[in-house]
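*Asks:* build me a model:
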Amino acid sequence: MKDLWGILARQRDYRLMLSAGLISLIGDWLLRTGLAFQVYVLTGSTLASGGLLLASFVPPVLLGSLAGVFVDRWDRRKTMIVTNILNAVVLLPLLAVRDESAIWIVYGVVLAQSCLQQFFSPAEQSLVPVLVDSKQLVTANALNSQIRDLARLVGAALGGVLAAVGGLTLLALADACTFLIAVVLIVGMRHRRTATSHEHEHEHDDATAAEEAGGAIRRLRAEWTEGLRLCVAGQAMRLLFVFCLVTGVGEGIMSTLFAPFVSAELGGDGTAYGLIVSSQAIGGIVGGLVAAAIGSRLPAATMWGVGAFFFGPVDLTLFCYPLLSDSLIPAFACMIIVGLPGAFTVAGMMTVFQNLTEDGTRGRIFGAITATESIAVLIGITSAGFLGDAVGIIPVLVFQGLGYVVGGVVILSRRRVLVPRPEPVLPQPA
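*Replies:* Down below sits the predicted model:
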């Protein structure tokens, strides 16, 4: 716990960014949960509800890698401030939604917020290594993972209550308030941007390109292409990239088939489904605390591999136990337990990514990986829809669990590759 309290007590800017993230994420879950409920109430259509998922997934695929290029150019702190302000503004049209005829406004708001998120996420993840010492990175990333679970637990519960009490109007106002509070916290950060070595190397090239016709477009295309190239540059980055692809497909399968799994295989109703899903946040909170507490004592690659390896068997137990029992208790237990290896996986993998990338290129690489991972999730969603009927729900879900087991074994066997080697110190001229 010394590492945990140390980073919270000494790193003021990180503490402010973490608090801002927690508050805005509570707003995200509040709106996400409330909108899903309200859209179905207004339309009575599951297809209309599915449109929300599509509206949130399109921007990461089309905009994710390009947004990272701009994040590398801009001040990350200012980017986070501006995106939070814009997030609050784009919520205002929800106040005009009264019936099914205005449902297109809801899709527009979800689409706009998802677009803004493509700029916010890489800015936030790129700023973390700047705000904390390298030895504190695992702890910082574990705390980031933990607040996401805490926000999910609190925001999802509030979203349902506010949707029932005040509908879309109250949801929009409450979410806007969380973004504005986050802005106040980020404004209080003392960190100011300093030019990176990557930027200094390209100053002359940028000036020359700007003088040419179409230079800005060529420069943008070159930086975007560089981000894609860097995703698979070297064994370590290729390993991380493939892991994200495989688990992305698995997450798409999970998001599609878990509700049918609870209903068809466990015999649970909607209430049981909601409670089982939210119970994972409890394990995530505990797991985040454990990962943060031991973060500086365990290499990031080892934490990543161990987390992924144990995540898989817990999932496999969850998906296969209905073959022997129809009780819901093991489902709750598995969803809570899986939070611990899940927190290890996220904290370890994000730390490895931050250590392998340089400040100044981190945003575009993060954006490119996010975009590719979103495509993988869509592939998982699509394939699960067909295979669930053709093969069966449990066999397809087992594939998701096996993906983590295999991924964990590969990460642990190649963890030396994932440790960045220090640059050699050149002798100084006499």
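*Asks:* so where do the strands sit in the stretch 101-250 of the chain?
*Replies:* In the stretch 101-250 of the chain, no strands are defined using DSSP state E, counting those that start in this stretch.
*Asks:* just for it, where's the confidence low?
*Replies:* Residues of the stretch 101-250 of the chain meeting the criterion pLDDT under 70: 192-216, 220.
*Asks:* which residues of it fall in helices?
*Replies:* 103-131, 137-187, 197-211, 215-231, 235-260 (DSSP state H, counting those that start in this stretch).
*Asks:* can I get those helices in CSV with distance to residue 405?
*Replies:* Just so you know, the C-beta spots here come from the backbone N, C-alpha and C atoms, and that holds for glycine as well. Below are the helices of the stretch 101-250 of the chain laid out as CSV (distance: least, CB to CB, whole Å):
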stretch, distance to residue 405
helix 103-131, 27
helix 137-187, 21
helix 197-211, 37
helix 215-231, 24
helix 235-260, 11
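*Asks:* so can I have CSV of these showing distance to residue 19 and mean neighbour count?
*Replies:* Shown next, in CSV, are the helices of the stretch 101-250 of the chain (distance: least, CB to CB, whole Å; neighbours: other CB atoms under 10 Å):
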stretch, distance to residue 19, mean neighbour count
helix 103-131, 13, 21
helix 137-187, 5, 21
helix 197-211, 29, 12
helix 215-231, 30, 16
helix 235-260, 28, 20
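*Asks:* wait, residue 103 sits on residue 96?
*Replies:* No - using CB atoms under 8 Å, residue 103 makes no contact with residue 96, being 11.4 Å away.
*Asks:* helices along the stretch 301-430 of the chain, start to end?
*Replies:* Going by DSSP H, counting those that start in this stretch, the stretch 301-430 of the chain shows helices at 329-337, 339-356, 362-390, 393-413.
*Asks:* residue 68: which element?
*Replies:* If you go by DSSP states H and E, residue 68 is part of helix 46-73.
*Asks:* the next helix-or-strand element following that helix vs helix 362-390, what angle?
*Replies:* Using DSSP H and E, the helix or strand that follows helix 46-73 in sequence is helix 76-90. Between the axes of helix 76-90 and helix 362-390, defined by axes from the mean of the first three to the mean of the last three CA atoms, to 10 degrees, the angle is 50 degrees.
*Asks:* list the buried residues of helix 76-90.
*Replies:* 76-77, 79-88, 90 (16 or more other CB atoms under 10 Å).
*Asks:* and the residues you listed, which is closest to residue 191?
*Replies:* Nearest to residue 191 out of the buried residues of helix 76-90 is residue 77 (CB to CB; 5.9 Å).
*Asks:* the closest one contacts residue 188, doesn't it?
*Replies:* No - with contact defined as CB under 8 Å, residue 77 does not reach residue 188; the gap is 10.4 Å.
*Asks:* picking that back up, so for the helix holding residue 68, what gets flagged as buried?
*Replies:* 48-49, 51-52, 55-61, 63-72.
*Asks:* tell me what that helix is packed against?
*Replies:* Packing contacts for helix 46-73, counted by 3 or more CB pairs under 8 Å, 6 or more residues apart in numbering; DSSP states H and E, involve helix 12-43, helix 103-131, helix 215-231, helix 362-390.
*Asks:* ok, now which ones touch the residue nearest to residue 414 when sequence neighbours are not counted?
*Replies:* Spatial nearest neighbour of residue 414, excluding adjacent residues (CB to CB, 6 or more residues apart in numbering): residue 239 at 6.1 Å. By CB atoms under 8 Å, 6 or more residues apart in numbering, residue 239 lies in contact with 410-411, 414, 417-418.
*Asks:* and if you look at residue 19?
*Replies:* Residue 19 neighbours (CB under 8 Å, 6+ apart): residue 185.
*Asks:* state the phi and psi torsions of residue 268.
*Replies:* When read as degrees, to the nearest 10, the backbone of residue 268 gives phi -90, psi 160.
*Asks:* which non-adjacent residue is nearest it?
*Replies:* residue 262 (4.4 Å).
*Asks:* do residue 318 as well
*Replies:* residue 334 (3.8 Å).
*Asks:* do residue 64 as well
*Replies:* residue 371 is the one closest to residue 64 (CB to CB, 6+ apart), at 3.3 Å.
*Asks:* measure the one you found to residue 166 for me?
*Replies:* Distance of residue 371 to residue 166, computed by CB to CB, to the nearest Å: 36 Å.
*Asks:* and what of residue 241?
*Replies:* For residue 241 relative to residue 166 (CB to CB), the value is 44 Å.
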